[in-house]
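> My questions are about this predicted structure, shown below with the sequence.
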Amino acid sequence: VHPEGFEIDEASQHAINTSKSTRLVVDTMMKYLQREPTGAPHRIHLHLCQASVAVLGTDRVEGLRTERTELCGDGNVRGTGEFTDWPVEAVYRAVGYLSTHLANLPFDHHAGVVPNDAGRVLDIDGGLIDAAYVTGWIKRGPIGLIGHTKSDAAETVTSLLNDL
């Protein structure tokens, strides 16, 4: 883990303080941040606050261009206009996707989520839609890890059982 980009602002600290899974991820990253390389033949480099903007190369992957991002203070990031070209031979997409509209349900096209309260689907005016529930990325957007999905599902199931 490279130290540049490993920043914790007030919104980040709030997320760490209120989520066990977020705290676990940050604690793990902090341990890696403090470790010295072991000399192993293969290493993974984690550069935080970098957004992929282009895959470089004509006939094959020759690099990846990223834009440095900075924390906005509200849990989001914004681009800084500072770009880095990384020499890589392969690119694998393993981070989120934007959900698509589901028939007969309200949808926030910008965030890619179905409006909800603890998994209960809300109509356009904020009222509950009977017997309609969401979980995972359609509930909260393309963020988080498996642990987030599990806690999202638990919250939605709790809502469903309370309603039952």
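Nice, thanks for sending it over. Numbering: from 1, shown residues only.

> ok, Thr80 to Trp86 distance?
As judged by CB to CB, to the nearest Å, Thr80 and Trp86 stand 16 Å apart. The way it works is simple: take the backbone N, C-alpha and C, and place the C-beta from them, glycine included.

> residues contacting Arg23?
Contact analysis of Arg23 by CB atoms under 8 Å, 6 or more residues apart in numbering lists Ile16, Asn17.

> Restricting to C-alpha, output the longest helix seen in the chain in PDB.
Counting residues, the longest helix in the chain under DSSP state H turns out to be helix 146-163. Output in PDB follows, covering the C-alpha atoms of helix 146-163 (Å, rounded to 0.1, in the frame of the first residue of the first chain):
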ATOM      1  CA  ILE A 146     -18.700  -8.800   0.300                       C
ATOM      2  CA  GLY A 147     -19.100  -7.800   4.000                       C
ATOM      3  CA  HIS A 148     -21.200  -4.800   3.000                       C
ATOM      4  CA  THR A 149     -23.400  -7.000   0.900                       C
ATOM      5  CA  LYS A 150     -24.000  -9.300   3.800                       C
ATOM      6  CA  SER A 151     -24.800  -6.500   6.200                       C
ATOM      7  CA  ASP A 152     -27.100  -4.900   3.500                       C
ATOM      8  CA  ALA A 153     -28.900  -8.200   3.100                       C
ATOM      9  CA  ALA A 154     -29.300  -8.600   6.900                       C
ATOM     10  CA  GLU A 155     -30.800  -5.100   7.100                       C
ATOM     11  CA  THR A 156     -33.300  -5.800   4.300                       C
ATOM     12  CA  VAL A 157     -34.300  -9.100   5.800                       C
ATOM     13  CA  THR A 158     -34.800  -7.400   9.200                       C
ATOM     14  CA  SER A 159     -37.100  -4.900   7.500                       C
ATOM     15  CA  LEU A 160     -39.000  -7.700   5.700                       C
ATOM     16  CA  LEU A 161     -39.400  -9.700   8.900                       C
ATOM     17  CA  ASN A 162     -40.500  -6.600  10.900                       C
ATOM     18  CA  ASP A 163     -43.100  -5.900   8.200                       C
END
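
> Centre of the chain to that helix, how far?
Helix 146-163 sits 18 Å away from the centroid of its parent chain (CA atoms, centre = their mean, to the nearest Å).

> all strands of this protein, in order?
All strands of the chain, identified by DSSP state E, fall at 50-56, 63-71, 77-86, 116-117, 120-122, 128-133.

> Show me the residue at the heart of the protein, geometrically.
Central residue of the chain (CA atoms, centre = their mean): Ile143, 2.5 Å from the mean position.
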